[in-house]
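Chemist: Below are the sequence and a predicted model for it; my questions follow.
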Amino acid sequence: MADSEEMSSLFPIFILSVMGLFVVPWTIFRIAKAVERKAKDIHCSCALCARSGKFRTSLLTKVGNFSSCGNVTLVFMWLLMAFLVYYIKLITREVQPFEPFSILGLETDASETEIKKAYRRLSILYHPDKNPDPEAHKYFVEFISKAYQALTDPVARDNFAKYGHPDGRQGLQMGVALPKFLLNIQGGAAGGILLLSLVGLGILFPLMAAVIYLSRSSKYTGNYVMHQTLSTYYYFMKPSLAPSKVMDVFIKAAEYVEMPVRRSDDEPLQKLFMIVRSELNLDPKNLKQEQAKFWKRHPALVKTELLLLAQLTREAVAIPSGLQADFAHVLRLAPRLLEELMKMAVAARNAEGYGWLRPALGVMELSQSVIQAVPLSARKVSDRAAPGTEGIAPFLQLPHFNDSIVKKIGRKKVRSLQEFRELSVMDRRDLLITAGGFTEQEVADVEAVLIIMPNIFLDVTLETEGEEGIQEGDIVTMWAWASLKRQSGMVLAHPHAPYFPYMKDEIYWLLLADTGLNYVWVSERVTFSDEARALSAASKAIQESLEGTGASDKEVSQAVKEAAAKVRSGSRLVMVKFQAPAEGTYNLTAFCLSDTWIGCDKKVAIKLKVGKRSRTGTRAVVSEDGPTVEKVEEEDESEEEGAFDEDYESEYSEDEEKEDNTKAKKDSKKMAEQRDGLNKESSGSDIE
């Protein structure tokens, strides 16, 4: 084993290697995420969003964003690695092989006379009597003298010729990657203490950290939501849950219930209650009783609801400084919890695997209101509103709009956001300036929001792969293309949300639902941010579908190219399979719901015809707003038959159907006679 002095650099080399295995991949990951985040940083350019602080790029903000715990730790580890590199270079000297000929500046076949001449020449330069430099004295003693002795001694010269070293054969040197002080311990109490320290730091400490991490992480799902929250949401979710009651379920999240409520919060919460009381839907006839009932609830629930109502009513400035941290905590968790609440609303609740539509719509309304800071009461539709509108809420998400502005615009017969968006730029400008009293800057702010506001288009088709239509029990494939278009031409953009203090990406939910029965047949989460994943998913789905039908490679390649072009232009493919229900005609609706924008949702009516289960038959599906065309045979023949259900259409001729019906009746009559005979025989044997 090598001397500890020579191997003292092995331990820092070992530490440097271990750190590099962790720090380098982590750095690459952080840089990639930062580049991806910067590419996604397409936000609203209106004055309200510029003043909100979310998109500020000042030096102080950049430093604050960079000085996160992860970034600071990463920089510190890089500095530590740089110090280790310098330290290793400082204490490590390259081990040079002992070569006496090279030291004396001679060839390997030099004679003894030449060796003596070289020694005398170097002695004049490095001998202590000739050169007072300490380094010269050291070099003369350790190298020149030893080299001369090795070459003048016959045994040493013979060893050098055979083994490359004057001392003969050399053994293999090995070192241990431990610090020097550990190698100098001679046992005793110090050794035991050191052993316990190593066991504690190397085994027990990491084990305790892992146990603590696992115990805490076991409380959360993959979306960093507590399991207790999901159980609560699943329990309190009801099929008839009105949108106005979704708030009561939402605030019951364990993350909110565990929020501390201090005695010093009582007075600020009382003041906040008076500000947002109009949004609590309290009965004015029993106001005192309603207020007393409200304050008797769990303090954390009261606190969470009041803070959320402050967000909805844009009264964040009225929140005292003592509640600002709790207010930020509530809003930071809100998008994540609302997404899980949506999953609980559309989760399978019956044997068919259907979820509930009404609470799902309510969750989306609450999510939109929280992001846009629009009160739920603004969604109430007046009698004078246009059909299909959502009250004044869509207008309130636009900058500088309020109730009075909406009323003034309504007098000009613009009563819905869609009508307002369909106006030309000049018509909107004239309307806002003349009716609303807007300035040119305020008009520019409105236009900045409208150009990034999405327009959603849905193209939905239902089919059974490899068949002409759909029969009961078939595996139905839903192909849905959700396309997003903006006036700016961009696909990806952050929503206009100046009153929501955190960055929020747009998320959409695609639902196939039966509005009459309040059932959600299919639900899928859709985003337009990850184009690469969307390309991969669409290409794979189309390729597998066409290969199953026996399509040629050229046809598959062409279909994949067309799908890729649609994805790059702002479309996303959703392919979901479900089992066809019982025979009948179903009036379904496909929804594409935004969790951030109000009034931008899209719905498409779909008429699904499911035929009886048979070996052969024509099946049909129709999308009223889509490209799918119902495949219907002539109805006169089926009506004359009267033997089959009107929704079921046979591909056989009329004569063949009559023969089949006659044969079926004879077979059924014969089977009935056989059963009667068996029953009589069994009853006679019982009597005997």
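Modeler: Okay, I see it. Numbering: from 1, shown residues only.

Chemist: make it CA atoms for all contacts and neighbour counts henceforth
Modeler: OK.

Chemist: Output the below-cut-off pLDDT ranges for the stretch 401-550 of the chain.
Modeler: Nowhere does the stretch 401-550 of the chain drop to pLDDT under 70.

Chemist: Do a quick rundown of the helices in it.
Modeler: 403-410, 417-422, 425-434, 440-450, 531-548 (DSSP state H, counting those that start in this stretch).

Chemist: which residues touch the second one?
Modeler: Contact with helix 417-422 is made by 394-395, 414, 428, 450, 599, as judged by C-alpha atoms under 8 Å, 6 or more residues apart in numbering.

Chemist: rerun that using 10 Å as the cut-off
Modeler: When contacts are defined by C-alpha atoms under 10 Å, 6 or more residues apart in numbering, helix 417-422 is touched by residues 386, 389-395, 398, 409, 413-414, 427-428, 431, 447, 450-451, 453, 598-600.

Chemist: in the chain, which residue is closest to the centre?
Modeler: The chain has N223 as the residue nearest its centroid, 8.0 Å off, counting by C-alpha atoms, centre = their mean.

Chemist: before we move on, the earlier item: as JSON lines, the helices of the stretch 401-550 of the chain with distance to D153 would be great.
Modeler: Below are the helices of the stretch 401-550 of the chain laid out as JSON lines (distance: least, C-alpha to C-alpha, whole Å):
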{"stretch": "helix 403-410", "distance to D153": "108"}
{"stretch": "helix 417-422", "distance to D153": "102"}
{"stretch": "helix 425-434", "distance to D153": "103"}
{"stretch": "helix 440-450", "distance to D153": "93"}
{"stretch": "helix 531-548", "distance to D153": "75"}
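
Chemist: Out of these, which is closest to S244?
Modeler: Nearest to S244, of all the helices of the stretch 401-550 of the chain, is helix 403-410, at 20.6 Å by C-alpha to C-alpha.

Chemist: Give me the buried positions along the closest one.
Modeler: 405-410 (16 or more other C-alpha atoms under 10 Å).

Chemist: For S215, the count of nearby residues, please.
Modeler: Using other C-alpha atoms under 10 Å, S215 has 11 other residues around it.

Chemist: My error: substitute H400 in the last question.
Modeler: Residues near H400, counting by other C-alpha under 10 Å: 15.

Chemist: Q558 too?
Modeler: 11.

Chemist: wait, what's in contact with it?
Modeler: Q558 neighbours (C-alpha under 10 Å, 6+ apart): A564.

Chemist: Do you have the strands of this structure handy? List them.
Modeler: Remark: strands assigned in the chain by DSSP state E are 355-356, 455-463, 475-485, 508-514, 519-526, 571-579, 584-594, 602-610, 620-623.

Chemist: What pairs with the third one, parallel or antiparallel?
Modeler: If you go by DSSP bridges, strand 475-485 pairs up with strand 455-463 (antiparallel), strand 571-579 (antiparallel).

Chemist: Let's have those strands in JSON lines, adding distance to I103 and mean neighbour count.
Modeler: Formatted as JSON lines, these follow (distance: least, C-alpha to C-alpha, whole Å; neighbours: other C-alpha atoms under 10 Å):
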{"stretch": "strand 455-463", "distance to I103": "83", "mean neighbour count": "20"}
{"stretch": "strand 571-579", "distance to I103": "75", "mean neighbour count": "19"}
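
Chemist: for the ones you listed, which one sits closest to M344?
Modeler: Once the strands paired with strand 475-485 are compared by C-alpha to C-alpha, strand 571-579 is nearest, at 18.7 Å.

Chemist: okay, and the helix or strand of the chain with the least pLDDT?
Modeler: Least confident element among the helices and strands of the chain, by mean pLDDT, DSSP states H and E: helix 635-641 (a mean of 36).

Chemist: Which residues are in contact with L125?
Modeler: Counted by C-alpha under 10 Å, 6+ apart, L125 has contacts 131, 136-137, 140.

Chemist: Spatially nearest residue to P12 (excluding sequence neighbours)?
Modeler: L84 (6.4 Å; C-alpha to C-alpha, 6 or more residues apart in numbering).

Chemist: so who does A532 touch?
Modeler: Counting by C-alpha under 10 Å, 6+ apart, A532 touches 564, 567-568.

Chemist: Look at the residue lying closest to V574 once chain neighbours are set aside and say how many residues are nearby.
Modeler: Counting by C-alpha to C-alpha, 6+ apart, V574 lies nearest to A480, which is 5.1 Å off, once chain neighbours are set aside. Using other C-alpha under 10 Å, A480 has 21 other residues around it.

Chemist: oh, and call the first residue 321 from now on, that's how I've got it
Modeler: In the new numbering, first residue 321, that becomes A800.

Chemist: Identify the residues contacting the residue nearest to the centre of the chain.
Modeler: Taking C-alpha under 10 Å, 6+ apart, one finds 656-657, 659-660 in contact with N543.

Chemist: quick one: V876 from E788, how far?
Modeler: 20 Å (C-alpha to C-alpha, to the nearest Å).

Chemist: higher neighbour count, the two?
Modeler: Each of V876 and E788 has its neighbours counted (other C-alpha under 10 Å); V876 has more, 18 against 15.

Chemist: any idea how far stretch 590-610 is from the chain center?
Modeler: Mean-position distance between stretch 590-610 and its chain equals 38 Å (C-alpha atoms, centre = their mean, to the nearest Å).

Chemist: So which bits of it are buried?
Modeler: 592-593, 595-596, 599-600.

Chemist: can you check stretch 758-767 too?
Modeler: Residues 758, 762-767 are the ones in stretch 758-767 that count as buried (16+ other C-alpha under 10 Å).

Chemist: now stretch 816-825
Modeler: Buried residues in stretch 816-825, counted by 16+ other C-alpha under 10 Å: 816-820, 822, 824-825.

Chemist: Pick out the most distant pair among these.
Modeler: The widest separation within the buried residues of stretch 816-825 (C-alpha to C-alpha) is 14.9 Å, between Y819 and D825.

Chemist: For R617, the count of nearby residues, please.
Modeler: 11.

Chemist: quick one, what contacts it?
Modeler: By C-alpha under 10 Å, 6+ apart, the contact list for R617 reads K623.

Chemist: mind pulling up the phi and psi values for it?
Modeler: phi -70, psi 180 (degrees, to the nearest 10).

Chemist: And it, how far from M397?
Modeler: R617 is 49 Å from M397, by C-alpha to C-alpha.

Chemist: same check, this time on L589
Modeler: For L589, the distance to M397 - C-alpha to C-alpha - is 45 Å.

Chemist: same check, this time on A858
Modeler: 42 Å.

Chemist: Neighbour count: the two, which is higher?
Modeler: In this view A858 and M397 are compared by other C-alpha under 10 Å, and A858 has more residues nearby, 20 against 16.
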